[in-house]
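Peer 1: Generate a structure from the sequence data that follows.
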Amino acid sequence: MIEPLFIATERFDPSDEAWKKYFEHAKIPALAEVVGLDGSLCNPILVEISDEDWNHIVNADYLLRYFCHLDYLLNRVQSVKRRNILGLYRNPEAHITKPPSTGDFKFMGYELIDEQTHTSALTNCGFSDVFSKEELNSFGLISEFERANEIKSVLAEKHPEDAHAQCDMYAIWRLNE
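Peer 2: Next up is the predicted model:
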(Lines give C-alpha, C1' and ligand atoms only; values in the text may rest on other atoms or scores of the structure.)
Protein backbone atom coordinates (compact mmCIF):
# COMPACT_ATOMS: atom_id res chain seq x y z
CA MET A 1 0.00 0.00 0.00
CA ILE A 2 1.17 3.53 -0.78
CA GLU A 3 2.11 5.59 2.24
CA PRO A 4 -0.08 8.68 2.65
CA LEU A 5 1.25 12.22 2.55
CA PHE A 6 -0.23 15.28 4.26
CA ILE A 7 -0.44 18.99 3.50
CA ALA A 8 -2.13 21.99 5.06
CA THR A 9 -3.57 24.43 2.51
CA GLU A 10 -5.48 27.66 2.64
CA ARG A 11 -9.19 27.32 1.95
CA PHE A 12 -10.56 28.76 -1.29
CA ASP A 13 -14.33 29.18 -1.26
CA PRO A 14 -17.03 31.85 -1.70
CA SER A 15 -15.86 33.66 1.46
CA ASP A 16 -12.56 34.51 -0.29
CA GLU A 17 -12.24 37.91 -2.00
CA ALA A 18 -10.95 36.38 -5.24
CA TRP A 19 -13.67 33.70 -5.43
CA LYS A 20 -16.22 35.52 -7.59
CA LYS A 21 -13.69 36.43 -10.27
CA TYR A 22 -12.25 32.88 -10.30
CA PHE A 23 -15.69 31.24 -10.34
CA GLU A 24 -16.83 33.35 -13.31
CA HIS A 25 -13.59 32.63 -15.18
CA ALA A 26 -13.33 28.90 -14.38
CA LYS A 27 -16.92 28.06 -15.39
CA ILE A 28 -17.05 24.91 -13.26
CA PRO A 29 -20.81 24.54 -12.75
CA ALA A 30 -20.85 22.38 -9.61
CA LEU A 31 -18.02 24.22 -7.83
CA ALA A 32 -18.70 25.11 -4.19
CA GLU A 33 -15.09 25.17 -2.95
CA VAL A 34 -11.69 24.34 -4.45
CA VAL A 35 -10.05 21.56 -2.44
CA GLY A 36 -6.86 20.78 -4.26
CA LEU A 37 -3.15 21.19 -4.62
CA ASP A 38 -2.95 24.13 -7.03
CA GLY A 39 -0.51 26.56 -5.44
CA SER A 40 -2.22 29.67 -6.75
CA LEU A 41 -5.70 28.70 -5.55
CA CYS A 42 -5.05 26.64 -2.41
CA ASN A 43 -1.71 27.92 -1.17
CA PRO A 44 0.24 25.68 1.19
CA ILE A 45 0.21 27.15 4.68
CA LEU A 46 3.79 26.18 5.43
CA VAL A 47 6.02 27.68 2.76
CA GLU A 48 9.24 28.01 4.73
CA ILE A 49 10.88 24.82 5.92
CA SER A 50 12.19 24.87 9.47
CA ASP A 51 15.16 22.78 10.59
CA GLU A 52 12.80 20.36 12.37
CA ASP A 53 10.52 20.07 9.30
CA TRP A 54 13.26 18.18 7.44
CA ASN A 55 12.58 15.20 9.73
CA HIS A 56 8.92 15.13 8.70
CA ILE A 57 8.68 16.13 5.03
CA VAL A 58 9.14 14.19 1.82
CA ASN A 59 12.74 14.82 0.83
CA ALA A 60 12.34 14.58 -2.93
CA ASP A 61 12.30 16.97 -5.86
CA TYR A 62 9.12 19.06 -5.98
CA LEU A 63 7.61 17.23 -2.98
CA LEU A 64 9.01 19.35 -0.16
CA ARG A 65 5.59 20.76 0.70
CA TYR A 66 4.24 17.33 1.69
CA PHE A 67 4.57 15.89 5.20
CA CYS A 68 4.86 12.24 6.21
CA HIS A 69 3.57 12.73 9.76
CA LEU A 70 0.07 14.12 10.34
CA ASP A 71 0.56 14.83 14.05
CA TYR A 72 3.61 16.96 13.33
CA LEU A 73 1.80 18.90 10.59
CA LEU A 74 -1.23 19.52 12.84
CA ASN A 75 1.07 20.88 15.53
CA ARG A 76 2.80 23.21 13.04
CA VAL A 77 -0.48 24.74 11.81
CA GLN A 78 -2.48 24.69 15.03
CA SER A 79 -2.94 28.47 15.07
CA VAL A 80 -4.33 28.68 11.51
CA LYS A 81 -8.13 28.73 11.47
CA ARG A 82 -9.09 28.75 7.75
CA ARG A 83 -7.30 25.67 6.55
CA ASN A 84 -7.69 22.33 4.87
CA ILE A 85 -5.75 19.40 6.26
CA LEU A 86 -5.43 17.02 3.34
CA GLY A 87 -4.37 13.39 3.34
CA LEU A 88 -3.03 12.30 -0.03
CA TYR A 89 -2.15 9.17 -1.93
CA ARG A 90 0.24 9.97 -4.77
CA ASN A 91 -0.22 8.10 -8.06
CA PRO A 92 -2.37 5.27 -6.70
CA GLU A 93 -2.82 2.25 -8.94
CA ALA A 94 -6.46 1.83 -7.85
CA HIS A 95 -8.98 3.65 -5.71
CA ILE A 96 -7.94 3.46 -2.06
CA THR A 97 -10.87 3.16 0.30
CA LYS A 98 -8.84 3.43 3.50
CA PRO A 99 -8.53 6.98 4.90
CA PRO A 100 -4.93 8.20 5.19
CA SER A 101 -5.00 8.32 9.00
CA THR A 102 -7.25 7.98 11.99
CA GLY A 103 -9.68 10.82 12.40
CA ASP A 104 -12.65 12.02 10.43
CA PHE A 105 -11.25 12.03 6.90
CA LYS A 106 -13.62 12.28 3.93
CA PHE A 107 -12.70 11.40 0.35
CA MET A 108 -12.91 14.50 -1.87
CA GLY A 109 -11.74 13.20 -5.27
CA TYR A 110 -8.72 13.04 -7.55
CA GLU A 111 -6.41 15.92 -8.45
CA LEU A 112 -4.09 16.09 -11.47
CA ILE A 113 -1.16 18.35 -10.69
CA ASP A 114 2.00 19.49 -12.44
CA GLU A 115 4.44 18.95 -9.55
CA GLN A 116 7.05 21.38 -10.83
CA THR A 117 4.74 24.40 -10.95
CA HIS A 118 2.02 23.19 -8.53
CA THR A 119 -0.61 23.87 -11.20
CA SER A 120 -3.81 21.85 -11.39
CA ALA A 121 -4.73 20.53 -14.82
CA LEU A 122 -8.32 20.41 -13.60
CA THR A 123 -8.99 23.80 -12.03
CA ASN A 124 -6.30 26.02 -13.53
CA CYS A 125 -5.82 24.92 -17.14
CA GLY A 126 -8.03 24.79 -20.21
CA PHE A 127 -7.87 21.23 -21.51
CA SER A 128 -11.41 21.15 -22.92
CA ASP A 129 -10.34 18.62 -25.57
CA VAL A 130 -9.65 16.06 -22.80
CA PHE A 131 -12.35 16.63 -20.17
CA SER A 132 -15.34 18.85 -19.56
CA LYS A 133 -15.76 21.21 -16.61
CA GLU A 134 -19.07 19.44 -15.94
CA GLU A 135 -17.06 16.35 -14.94
CA LEU A 136 -15.54 18.17 -11.95
CA ASN A 137 -17.27 17.70 -8.61
CA SER A 138 -18.16 20.47 -6.15
CA PHE A 139 -14.50 20.55 -4.99
CA GLY A 140 -12.98 20.89 -8.48
CA LEU A 141 -11.85 17.27 -8.54
CA ILE A 142 -12.69 14.09 -10.47
CA SER A 143 -14.72 11.71 -8.31
CA GLU A 144 -13.92 8.40 -10.03
CA PHE A 145 -10.47 6.78 -10.13
CA GLU A 146 -10.91 5.30 -13.60
CA ARG A 147 -11.88 8.64 -15.16
CA ALA A 148 -9.08 10.54 -13.41
CA ASN A 149 -6.54 7.97 -14.61
CA GLU A 150 -7.92 8.20 -18.16
CA ILE A 151 -7.71 12.01 -18.14
CA LYS A 152 -4.12 11.81 -16.86
CA SER A 153 -3.11 9.49 -19.71
CA VAL A 154 -4.93 11.43 -22.44
CA LEU A 155 -3.50 14.77 -21.24
CA ALA A 156 0.05 13.45 -21.54
CA GLU A 157 -0.68 11.89 -24.94
CA LYS A 158 -2.50 14.85 -26.51
CA HIS A 159 -0.31 17.58 -25.01
CA PRO A 160 3.24 16.19 -24.73
CA GLU A 161 4.73 19.69 -25.01
CA ASP A 162 2.65 21.18 -22.19
CA ALA A 163 4.21 20.76 -18.72
CA HIS A 164 0.79 21.17 -17.06
CA ALA A 165 -0.39 18.06 -18.91
CA GLN A 166 2.40 15.91 -17.44
CA CYS A 167 0.61 15.28 -14.18
CA ASP A 168 0.81 13.30 -11.03
CA MET A 169 -2.50 12.05 -9.72
CA TYR A 170 -3.46 12.44 -6.06
CA ALA A 171 -6.36 10.90 -4.21
CA ILE A 172 -7.39 13.65 -1.79
CA TRP A 173 -8.99 13.12 1.60
CA ARG A 174 -9.87 16.06 3.85
CA LEU A 175 -9.85 16.03 7.64
CA ASN A 176 -13.18 17.28 8.95
CA GLU A 177 -12.33 19.56 11.83
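Peer 1: Report the buried residues of the lengthiest helix in the chain.
Peer 2: Ranked by number of residues, the top helix in the chain under DSSP state H is helix 145-158. By neighbour count on 16 or more other Cβ atoms under 10 Å, the buried set for helix 145-158 is Phe145, Ala148, Asn149, Ile151, Lys152, Leu155. Every residue, glycine included, has its C-beta placed from N, CA and C.
Peer 1: repeat for stretch 42-59
Peer 2: Within stretch 42-59, the residues scored as buried using 16+ other Cβ under 10 Å are Cys42, Pro44, Ile45, Leu46, His56, Ile57, Val58.
Peer 1: For the second one, give me the pLDDT.
Peer 2: We note a pLDDT of 94 for Pro44 in this prediction.
Peer 1: Out of the buried residues of helix 145-158, which is nearest to Gly36?
Peer 2: Ala148 (12.3 Å; Cβ to Cβ).
Peer 1: Hmm, the closest one is touching Met169, no?
Peer 2: Yes - counting by Cβ atoms under 8 Å, Ala148 does reach Met169; the two are 5.8 Å apart.
Peer 1: The buried residues of helix 145-158: which two are farthest apart?
Peer 2: Pairwise distances across the buried residues of helix 145-158 (Cβ to Cβ) peak at 15.8 Å, for the pair Phe145 and Leu155.
Peer 1: Roughly how far does Val80 sit from Ile45?
Peer 2: Per Cβ to Cβ, to the nearest Å, Val80 is found 5 Å from Ile45.
Peer 1: any residues in contact with both of those two?
Peer 2: Taking Cβ atoms under 8 Å, 6 or more residues apart in numbering as the criterion, Val80 and Ile45 both touch Ala8.
Peer 1: so who does the residue of the chain positioned farthest from its centre touch?
Peer 2: Distance from the C-alpha centroid of the chain, by Cα atoms, centre = their mean, peaks at Asp51 (25.2 Å). By Cβ under 8 Å, 6+ apart, the contact set of Asp51 is empty.
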